[in-house]
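Engineer: Curious how this folds, go ahead:
(one chain, ligands or ions: 2)
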Amino acid sequence: MPAALTFEGVEKVFADGTDALAGLDFRLDHGTFTAVVGPSGGGKSTLLRLAAGLLAPTAGQVIRTLATPGPGAIGYVFQDPTLMPWADVRTNVRLPLKLTRVPRREADARVADALALVGLDAFADRYPLQLSGGMRMRVAIARALVTEPSLLLLDEPFAALDEITRFRLNDELLRLWQLRRCTVLFVTHSVGEAVYLAERILVLSPRPGRIVADIAVALPQPRSAALRTSRPFEDLSAAVSRALVEAIQA
Ligand code: ADP
Ligand code: MG
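Structural biologist: Ligands and ions are numbered 1, 2, ... in the order given. Next up, the predicted model:
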């Protein structure tokens, strides 16, 4: 089976000469959960935009082989929830279905499903300003899932949240992934978050970003709170941190 996403010799130099990414080669198998960690400004968001096809590489190629191609095949969650403040939760989550012209009745059913999935069924009539930061991020996740994407891209989605909320959303995201089995690419600057969530971690160097380590995370599923303080978790976190520090000092 071909990989869900393949980067072959991908480079990105912006028009102003900024060298963001250099020679990225990796493939993501269908249904896998991969995290990308790297220093700020190292090209992580650029990598995600290339994965989504929002940007074109200046060299190499990005190949997507999605189970259900077409509009809605890719879900994108930004660091900021980017909700429409004047629209209620239901309308925010319905937006991608409106853009892909899904009939209203079907759209309503799918919006209800997505909101139930993130535990916000009781909040469909609320407005973004009436919600906590964690709830707003749940809305953004429901909006990304409503088209049932086969590739889910997340760009530091929980970075602005307090640790308790972040841990809770980590577990929710893993539950959603088990349920939907889409291919997930999750960008974070938090080593602990990467180790907790992912089956595999790609460590990016400072700009121009290269992959300096590709680390398999062999920890038991489903994850549990106790794992965060276990020896294997700490050893893996140390290995990822070491790769990061070496890349920064190189
Ligand atoms: P990260 O997400 O890891 O913090 P980014 O991918 O956002 O890094 O950015 C990588 C580098 O590319 C940064 O130096 C950033 O300023 C630069 N960059 C990002 N987008 C553009 C753009 N559209 N034009 C020029 N430079 C950009
Ligand atoms: Mg970024």
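
Engineer: What parts of this protein come near ligand 1?
Structural biologist: Selection of the chain residues close to ligand 1 by Cβ under 6 Å from any ligand atom yields 14, 16, 18, 20, 38, 40-46, 207. Glycine gets a C-beta too; all of them are placed from N, C-alpha and C.

Engineer: Next, give me the two most distant ones among those residues.
Structural biologist: The span of the residues of the chain next to ligand 1, defined through Cβ to Cβ, is set by Asp16 and Gly38 at 21.0 Å.

Engineer: Including secondary structure, could the residues of the chain next to ligand 1 go into a markdown table?
Structural biologist: A markdown table is the format used below for the residues of the chain next to ligand 1 (DSSP: H, G, I helix; E, B strand; the rest coil):
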| residue | secondary structure |
| --- | --- |
| Phe14 | coil |
| Asp16 | coil |
| Thr18 | coil |
| Ala20 | strand |
| Gly38 | coil |
| Ser40 | coil |
| Gly41 | coil |
| Gly42 | coil |
| Gly43 | coil |
| Lys44 | helix |
| Ser45 | helix |
| Thr46 | helix |
| Arg207 | coil |
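
Engineer: Format those residues as TSV; extra columns: neighbour count, distance to Ser132 and pLDDT.
Structural biologist: Below are those laid out as TSV (neighbours: other Cβ atoms under 10 Å; distance: Cβ to Cβ, whole Å; pLDDT from 0 to 100):
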residue	neighbour count	distance to Ser132	pLDDT
Phe14	11	36	98
Asp16	5	38	97
Thr18	13	36	97
Ala20	22	34	97
Gly38	25	29	94
Ser40	10	25	91
Gly41	13	29	93
Gly42	25	30	93
Gly43	26	31	96
Lys44	23	26	96
Ser45	18	25	96
Thr46	23	30	97
Arg207	18	34	94
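
Engineer: Restricting to those residues, which residues neighbour ligand 2?
Structural biologist: Lys44, Ser45 (Cβ under 5 Å from the ion).

Engineer: between the residues of the chain next to ligand 1, which is nearest Glu246?
Structural biologist: The nearest one, if we look at those relative to Glu246 and count by Cβ to Cβ, is Gly38, at 12.6 Å.

Engineer: can you confirm Leu47 is in a helix?
Structural biologist: Yes: the assignment for Leu47 (three-state DSSP) places it in a helix.

Engineer: How about the contacts made by it?
Structural biologist: Leu21, Leu24, Val36, Val187, Leu204, Gly209 (Cβ atoms under 8 Å, 6 or more residues apart in numbering).

Engineer: Name the nearest residue to the closest residue to ligand 2 within the chain, ignoring sequence neighbours.
Structural biologist: At 3.2 Å from ligand 2, Ser45 is the closest residue in the chain, using Cβ to the ion. By the measure of Cβ to Cβ, 6 or more residues apart in numbering, the closest residue to Ser45 outside its immediate chain neighbours is Asp155, 5.5 Å from it.
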